[in-house]
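Asks: can't give you the sequence, but here's the structure:
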């Protein structure tokens, strides 16, 4: 028999965890679902359709201080060790597993890894696709990025711990025994041909598709900011009088005009179509070569919040057809 949690007890489970530690969860606030610290007065939305901002901000906060300095004092690195538990759907948890790979490779990112070590991630599976989502056409793994998976079984969740931290959450009195959830075959049914997509993307930015998209795209970077996987950043020194200051990490986007600009004013991707191609190439060609999967989980936020109404999934299909 599997360990199960009745859906009617799901909020009680969250409330129980929040009584002893910080819990971040998808909450309905101001007519929108967003990730925030949970309290019993909040409206919990575990089965959210989408959120504007992904949970990556919990681990890569915009404007995070990397180092403080001032006067004759030795520069200090802020210590962030507050532990928290965060609930997110299985698609956002998959995105987190991609960030884990990106930041724990040859060059380890200690601020990110420190926040990950302080977190316990609960992934909640959902039978419905996210708004404008296309995760069902990607060969996603759903095996990493979380400590505990809550599989949707209709009126209950089957709980499957993946780590020691996940097993600790299983001590709740609300958890009982029941029937295991039948696996979703759709989760492993990859449908996009990434080899064909990559072959077309490798042809470079001068293909007509990228110039066509450039006529519509504002190159505003919104697609990157709302993406749960995009992780480009810039580092800025913010100083005040007296020589004190903070070195901050700020979100950035390869869609922005000055992203590839270097000393002397040289810009390696000065034209908009070159930057657009680079964004797609990184996600669906270079990432596949480096980590055997795209830097995309098909959450659909890039489509939902694109001010130019570009249907990015349709453009990916065009790459596939021309590859």
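Replies: Received, thanks. Predicted model only: the values in this text are computed from it and were never measured.

Asks: does residue 102 really touch residue 233, like I thought?
Replies: No: look at residue 102 against residue 233 with CB atoms under 8 Å: they stay out of range, at 11.5 Å. Where C-beta positions appear, they are placed from N, C-alpha and C, glycine not excepted.

Asks: Counting by contacts, list what the helix or strand residue 3 falls within packs against.
Replies: Secondary structure assignment for residue 3, by DSSP states H and E: strand 2-6. On a contact count with 3 or more CB pairs under 8 Å, 6 or more residues apart in numbering; DSSP states H and E, strand 2-6 meets strand 156-161, strand 176-178.

Asks: what is the rounded mean pLDDT of that strand?
Replies: Average pLDDT, strand 2-6: 95.

Asks: Same check on stretch 242-250?
Replies: For stretch 242-250, mean pLDDT is 85.

Asks: how near is residue 48 to residue 191?
Replies: Remark: distance between residue 48 and residue 191 (CB to CB, to the nearest Å) = 24 Å.

Asks: Figure out how far the strand holding residue 3 is from the centre of its chain.
Replies: Relative to its parent chain, strand 2-6 has a centroid offset of 27 Å by CA atoms, centre = their mean, to the nearest Å.

Asks: Quick check: buried residues in stretch 227-247?
Replies: Neighbour counts using 16 or more other CB atoms under 10 Å place 227, 228, 229, 230, 231, 233, 245, 246, 247 of stretch 227-247 among the buried residues.

Asks: Other residues contacting that stretch?
Replies: Stretch 227-247 has contacts (CB atoms under 8 Å, 6 or more residues apart in numbering) with 54-56, 60, 65-71, 91-92, 95-96, 98-99, 102-103, 223-224, 248-254, 259, 283, 295-297, 299, 301-302.

Asks: filter these to the buried ones?
Replies: Using 16+ other CB under 10 Å, the buried ones in these are 54-56, 60, 65-66, 91-92, 95-96, 98-99, 102-103, 223-224, 248-249, 251-254, 259, 283, 295-297, 299, 301-302.

Asks: State the pLDDT value of the residue positioned nearest the centre of the chain.
Replies: Note on the chain: the residue nearest the mean C-alpha position is residue 228, at 2.3 Å, using CA atoms, centre = their mean. Looking at residue 228, its pLDDT stands at 97.

Asks: going forward, begin numbering at 429 instead of 1
Replies: Renumbered: residue one is now 429, and that last one reads residue 656.

Asks: can you tell me the helix or strand for it?
Replies: Counting by DSSP H and E, residue 656 is held by no secondary-structure element, helix or strand.

Asks: Report the residue spans of the stretch 529-678 of the chain with pLDDT below the cut-off.
Replies: Within the stretch 529-678 of the chain, the ranges that satisfy pLDDT under 70 run 611-618.

Asks: Please repeat the previous calculation with a cut-off of 50.
Replies: 615-617 (pLDDT under 50).

Asks: How are the helices of it distributed by residue range?
Replies: Using DSSP state H, counting those that start in this stretch, the helices of the stretch 529-678 of the chain run over 538-545, 592-596, 622-629, 636-642, 650-654.

Asks: Output those as a markdown table; include the columns distance to residue 469.
Replies: Output for those, formatted as a markdown table (distance: least, CB to CB, whole Å):
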| stretch | distance to residue 469 |
| --- | --- |
| helix 538-545 | 26 |
| helix 592-596 | 26 |
| helix 622-629 | 45 |
| helix 636-642 | 45 |
| helix 650-654 | 28 |
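
Asks: Surely residue 623 touches residue 748?
Replies: No: here residue 623 does not reach residue 748: they are 9.4 Å apart, not a contact under CB under 8 Å.

Asks: and the nearest residue to residue 630 once chain neighbours are set aside, how far is that from residue 442?
Replies: Distances taken as CB to CB, 6 or more residues apart in numbering place residue 713 nearest to residue 630, at 6.0 Å, with adjacent residues excluded. Using CB to CB, we find residue 713 at a distance of 40 Å from residue 442.

Asks: Which pLDDT value goes with the residue of the chain most remote from its centre?
Replies: Taking CA atoms, centre = their mean, the residue of the chain most remote from its mean C-alpha position is residue 500, at 39.3 Å. We note a pLDDT of 70 for residue 500 in this prediction.

Asks: who are the neighbours in contact with it?
Replies: Going by CB under 8 Å, 6+ apart, residue 500 touches no other residue.

Asks: Tell me how far it lies from residue 539.
Replies: For residue 500, the distance to residue 539 (CB to CB) stands at 25 Å.

Asks: Check residue 746 too.
Replies: Noted for residue 746: a distance of 38 Å to residue 539, by CB to CB.

Asks: Neighbour count: those two, which is higher?
Replies: Between residue 746 and residue 539, counting by other CB atoms under 10 Å, residue 539 is the more crowded of the two (18 against 15).

Asks: got the contact list for stretch 443-463?
Replies: Under the criterion CB under 8 Å, 6+ apart, residues 442, 464-468, 470-474, 476-481, 483, 485-486, 510-517, 597, 600, 602 lie in contact with stretch 443-463.

Asks: buried ones in that stretch?
Replies: Buried residues in stretch 443-463, counted by 16+ other CB under 10 Å: 443, 445, 446, 451, 452, 453, 454, 455, 461, 462, 463.
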